[in-house]
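Participant: missing the sequence, but the structure's below:
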């Protein structure tokens, strides 16, 4: 439907209100948008319209008129969640939108009443109740423009949005038709963006180790599986001290070329204080850091493709590394830690060079705030866990499921190494 058609429907509704002398006061209806999901793998954002009332009531013919940021979102698809059941006196809902102007019009229509005796010419006997609890009405799923800026900006037009009361008819001849009053109508300004980062990084432990498993890339995959079975957890492991990352990233199955989980933060100034978003990523043997949902990149949802960011990569027993501040190209932030260096960041060690290939220093087991370096405190943790077998150990620097002298050798070679602990902490 084009904008002219939508405007004509609005004009027709306004005329209907004038002819029948519609009044308000039957009850108060509140509306809100809530985020349903953001799927960056498929560039899809979904949001749900919810409804509640000040007291239990019913609605008849209704229209929800709303707008959205058409520079970021396009082609909304509606999925009815309630108010479309012919057995509850409703007909199928209808939805039209105008992409050029970012407008949508969703209609609920009361049925003929043949199911239970209700309908537009008689009292509603079985239509759904709207109560004081939020109830889903409809979910809209949009295509997200790659690299676009701005937020979703989902808003209700309360002038045109109307909910007719009960049976959609005057209670007696020539009487007014009641409308429910529109109370609060909460919009949603979710960023709803999918901004990818193409990052490549090596961990010294699995990069320098002699692999047990045949690795398809430069890093060993000896946790995947180890001789003792699959040791990599399916859920991100950084929800503990000192990281306390609350992300819900998880895997239904471990990718065949996965080395381990890493934690990646985007910062406006290369410090922890400037971090705007953090994601747990899947590190592959070729060095790529990818999204837990799949694909070849790590997807962020609040970054602005027009802003420069430094990317901080953390691992549970390697020294943190930070990129310089970089800009995006065609909406993608790209940085190769393995080739680009630098070997130092703000005069502190950042990456280690092994034959001209840069890797994250192994041995920073105790990544506590103020302790971003490799020293005797890391050794103390190793000493407690060694010898360890067949588990996901913090001291397992070469990532093969065991804690032994090979892990010690990596730590010993790198101690003391000082990281940029003045500006970066877990």
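Facilitator: All right, it came through fine. All values reported here derive from a predicted model rather than from experimental measurement.
Participant: Low-confidence ranges, the stretch 151-300 of the chain, go.
Facilitator: Scanning the stretch 151-300 of the chain for pLDDT under 70 picks out 167-177.
Participant: Could you pull out the strands in it for me?
Facilitator: Using DSSP state E, counting those that start in this stretch, the strands found in the stretch 151-300 of the chain span residues 155-156, 162-165, 178-186, 195-200, 258-267, 275-284, 288-290, 298-300.
Participant: can you redo those as CSV with distance to residue 325 and mean neighbour count?
Facilitator: For glycine as for every other residue, the C-beta is placed from the backbone atoms N, C-alpha and C. CSV is the format used below for those (distance: least, CB to CB, whole Å; neighbours: other CB atoms under 10 Å):
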stretch, distance to residue 325, mean neighbour count
strand 155-156, 34, 20
strand 162-165, 50, 23
strand 178-186, 36, 18
strand 195-200, 13, 22
strand 258-267, 8, 23
strand 275-284, 13, 20
strand 288-290, 18, 21
strand 298-300, 15, 25
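Participant: TSV please, covering these and showing distance to residue 227.
Facilitator: As requested, the strands of the stretch 151-300 of the chain are exported to TSV (distance: least, CB to CB, whole Å):
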stretch	distance to residue 227
strand 155-156	58
strand 162-165	64
strand 178-186	55
strand 195-200	28
strand 258-267	17
strand 275-284	21
strand 288-290	26
strand 298-300	30
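Participant: So for residue 82, which of those strands sits nearest?
Facilitator: strand 162-165 (13.3 Å; CB to CB).
Participant: one step back: nearest to residue 378, of the strands of the stretch 151-300 of the chain?
Facilitator: Ranking these by proximity to residue 378 (CB to CB) places strand 258-267 first, at 17.5 Å.
Participant: Indicate each strand paired with that closest one and its parallel or antiparallel sense.
Facilitator: Neighbouring strands of strand 258-267 in its sheet, by DSSP bridges, are strand 275-284 (antiparallel), strand 310-315 (antiparallel).
Participant: now that strand and strand 195-200, what's the angle there?
Facilitator: Using axes from the mean of the first three to the mean of the last three CA atoms, to 10 degrees, the inter-axis angle of strand 258-267 relative to strand 195-200 is 130 degrees.
Participant: picking that back up, to residue 323, which of the strands of the stretch 151-300 of the chain lies closest?
Facilitator: Between residue 323 and those, the tightest spacing by CB to CB is seen for strand 195-200, at 7.9 Å.
Participant: okay if I get the strands paired with strand 258-267 as a markdown table plus distance to residue 393?
Facilitator: Shown next, in a markdown table, are the strands paired with strand 258-267 (distance: least, CB to CB, whole Å):
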| stretch | distance to residue 393 |
| --- | --- |
| strand 275-284 | 17 |
| strand 310-315 | 13 |
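Participant: which one of these lies closest to residue 406?
Facilitator: For these, the distance to residue 406 is smallest for strand 310-315, at 17.3 Å, taking CB to CB.
Participant: which residues does residue 317 contact?
Facilitator: Counting by CB atoms under 8 Å, 6 or more residues apart in numbering, residue 317 makes contact with 205, 362-365, 394-397.
Participant: ok, back up a step: tell me which of the strands of the stretch 151-300 of the chain lies nearest to residue 405.
Facilitator: Across the strands of the stretch 151-300 of the chain (criterion: CB to CB), the nearest stretch is strand 258-267, sitting at 21.0 Å.
Participant: For residue 311, state which of the contacts of residue 317 is nearest.
Facilitator: When those are compared for distance to residue 311 (CB to CB), residue 364 wins out at 17.9 Å.
Participant: Check the spacing between that closest one and residue 179 real quick.
Facilitator: Using CB to CB, to the nearest Å, residue 364 is found at 64 Å from residue 179.
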